[in-house]
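Trainee: Got a sequence here, can you model it:
(one chain, ligands or ions: 2)
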Amino acid sequence: MKVGIVGAGMVGSAAGYALALTGAASRIVLVDRSEALALAQAQDIAHATPFTAAVTVEAGGYEALAGADVVILAAGVGQKPGESRLALLERNAAVFEDVIRAVLRAAPDPILLVATNPVDVMTHVTAKIAGLAPGRVFGSGTILDTARFRSLVAHHLGLAPQSIHGYVLGEHGDSEVLGWSGARVGSEPLTSVAAQLGSAITADVRARIDDGVRRAAYRIIEGKGATNYGIGAGLARIVQAIRRDEGAVMSLSLVTPEVTGVHNVALSLPRVVGASGLRSTLMPTLDAQEVAALTASARMLRETSDALGL
Ligand SMILES: NC(=O)C1=CN([C@@H]2O[C@H](COP(=O)(O)OP(=O)(O)OC[C@H]3O[C@@H](n4cnc5c(N)ncnc54)[C@H](O)[C@@H]3O)[C@@H](O)[C@H]2O)C=CC1
Ligand SMILES: CC(=O)C(=O)O
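Mentor: Ligands and ions are numbered 1, 2, ... in the order given. Here you go, the predicted structure:
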């Protein structure tokens, strides 16, 4: 599978590296407005390939994206310490006008996987500009927040994160909703397993995990200026699910006709990922508080999209 990555900075290069390590792509092409950066990143990742699956890694202009099955969009600016994701919108939406058209001139019908923040609104912007079939333009959404949720719950219980099943929904950002009520360990409700293990999910534990998920990006950016490894691994995992036509369920952002009464809004819900992109959406069972929080998140995103005329 040929995967293009536009934006070869922290996120794009981490995605390229994860794709090379996992073998999710057989050909990776990095494009950046800084040709020198794209070339340096491609060479550095290529030097890892003797230790990985068979994969070629190159840098190029947009024309090098011809034949790409998936194009990851990670171009634009990231947050400065203390800055919200939504504060990036105007700058990144302006960048995408040219980027999407240039990608589609080279590769007319790829799957477009958006990582640039604010990822939900950027997914909506991309879908509108690209005009591809529904399901072929989507965003990484809360895949990273879900991973953070699963790892923090796993750490609390002393279990493997792979055995924790639960999703973060709504905005990839401050208004996101942790789906506590539907969370499970294996096939058992989380609260029941936590009680059996003597590690109850008290209000304090819940608040600590919520904060750990919601504020993770702020803390990491304060410490190292960006986040990249978690999202890089998440993007590679999505590509792998596309390549293998897995039918894997992941929390991803898609322009959704209606969610809890809010229409035409891009946000994350559990979605089924396969060869054609996102095949369907699985609406989770939520308690009343979670429905209210998801509705508030959806309304906020809808209003933000309204301001852009989406
Ligand atoms: N979805 C998620 O979970 C996450 C999203 N992000 C977002 O990903 C985006 C990228 O973040 P970083 O890689 O840390 O930033 P970065 O600054 O390291 O890299 C961005 C790259 O985009 C390139 N670029 C800018 N305008 C361009 C254009 N018109 N054409 C081609 N390339 C262009 C820049 O030259 C730069 O190399 C940000 O918006 C950030 O907020 C970051 C982490 C997680
Ligand atoms: C930066 C960002 O969106 C994150 O790490 O969640």
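Trainee: what about the closest residue in space to G12 that isn't next to it in sequence, neighbour count?
Mentor: In this structure, G12 finds its nearest non-sequential neighbour in A74, 3.9 Å apart by Cβ to Cβ, 6 or more residues apart in numbering. Yep, even glycine has a C-beta here, placed from its N, CA and C like the rest. By other Cβ atoms under 10 Å, 29 other residues sit near A74.
Trainee: repeat for H155
Mentor: 13.
Trainee: same check, this time on G309
Mentor: G309, neighbours per other Cβ under 10 Å, totals 6.
Trainee: Residue numbers of this structure in contact with ligand 1?
Mentor: 6-12, 32-34, 37, 74-79, 88, 92, 95, 98-99, 115-117, 119, 140, 144, 172, 226-227, 231 (Cβ under 6 Å from any ligand atom).
Trainee: Which of those residues fall within strands?
Mentor: Judged by DSSP state E, the residues of the chain next to ligand 1 include V6 as members of strands.
Trainee: how far away is the residue nearest to G12 from E35?
Mentor: According to Cβ to Cβ, to the nearest Å, A74 stands 16 Å off from E35.
Trainee: Spatially central residue (nearest the centroid) of the protein, please.
Mentor: S140 (1.8 Å; Cα atoms, centre = their mean).
Trainee: Retrieve the pLDDT associated with E35.
Mentor: pLDDT, E35: 98.
Trainee: Touching, A275 and I242? I think so.
Mentor: Yes: contact criterion Cβ atoms under 8 Å: A275 and I242 qualify, at 6.1 Å.
Trainee: So between those two, which is more surrounded?
Mentor: Per other Cβ under 10 Å, whichever of A275 and I242 has more neighbours is I242, with 22 against 15.
Trainee: contacting residues around A42?
Mentor: A8, G16, I28, V29, L30, V57, E58, A59 (Cβ atoms under 8 Å, 6 or more residues apart in numbering).
Trainee: Identify each of the strands in the stretch 201-310 of the chain and give its residue range.
Mentor: 248-259, 262-274, 277-281 (DSSP state E, counting those that start in this stretch).
Trainee: Just name the most buried of those strands.
Mentor: strand 262-274 (a mean of 22; mean count of other Cβ atoms under 10 Å).
Trainee: show me the contacts for V265.
Mentor: D120, H124, V255, T256, V259, A298, L301, R302, S305.
Trainee: Just list whatever residues bridge to it.
Mentor: Under DSSP bridges, the beta-bridge partners of V265 are T256.
Trainee: before we move on, back to that, now the residue nearest to the centre of the chain. Nearest residue, chain neighbours left out?
Mentor: Nearest one to S140, counting by Cβ to Cβ, 6+ apart, is A115 at 5.0 Å.
Trainee: ok, L65 - contacts?
Mentor: Counted by Cβ under 8 Å, 6+ apart, L65 has contacts G4, V6, V29, V31, V71, V103, A106, A107, P110.
Trainee: other SSEs contacting whichever helix or strand A15 is part of?
Mentor: Here A15 sits within helix 10-22, counting by DSSP states H and E. Judged by 3 or more Cβ pairs under 8 Å, 6 or more residues apart in numbering; DSSP states H and E, helix 10-22 is in contact with strand 2-6, strand 27-31, helix 35-46, helix 229-243.
Trainee: And A66, how far from A107?
Mentor: 6 Å.
Trainee: Those two: which is more packed in?
Mentor: Legend: neighbour count by other Cβ under 10 Å for A66 and A107, higher for A107 (22 against 14).
Trainee: so the helix holding A15 versus strand 27-31, what angle?
Mentor: Interaxial angle, helix 10-22 versus strand 27-31 (axes from the mean of the first three to the mean of the last three Cα atoms, to 10 degrees): 170 degrees.
Trainee: quick one: contacts of helix 10-22?
Mentor: So helix 10-22 is contacted by 3, 5-6, 8, 24-25, 28, 30, 32, 41-42, 44-45, 48-49, 52-53, 55, 57, 72, 74-75, 78, 115, 226-229, 231-233, 235-237, 239-240 (Cβ under 8 Å, 6+ apart).
Trainee: Report the distance from it to the chain centre.
Mentor: 14 Å (Cα atoms, centre = their mean, to the nearest Å).
Trainee: any bit of that helix sitting next to ligand 2?
Mentor: No: on the criterion Cβ under 6 Å from any ligand atom, helix 10-22 is out of touch with ligand 2, staying 8.2 Å away.
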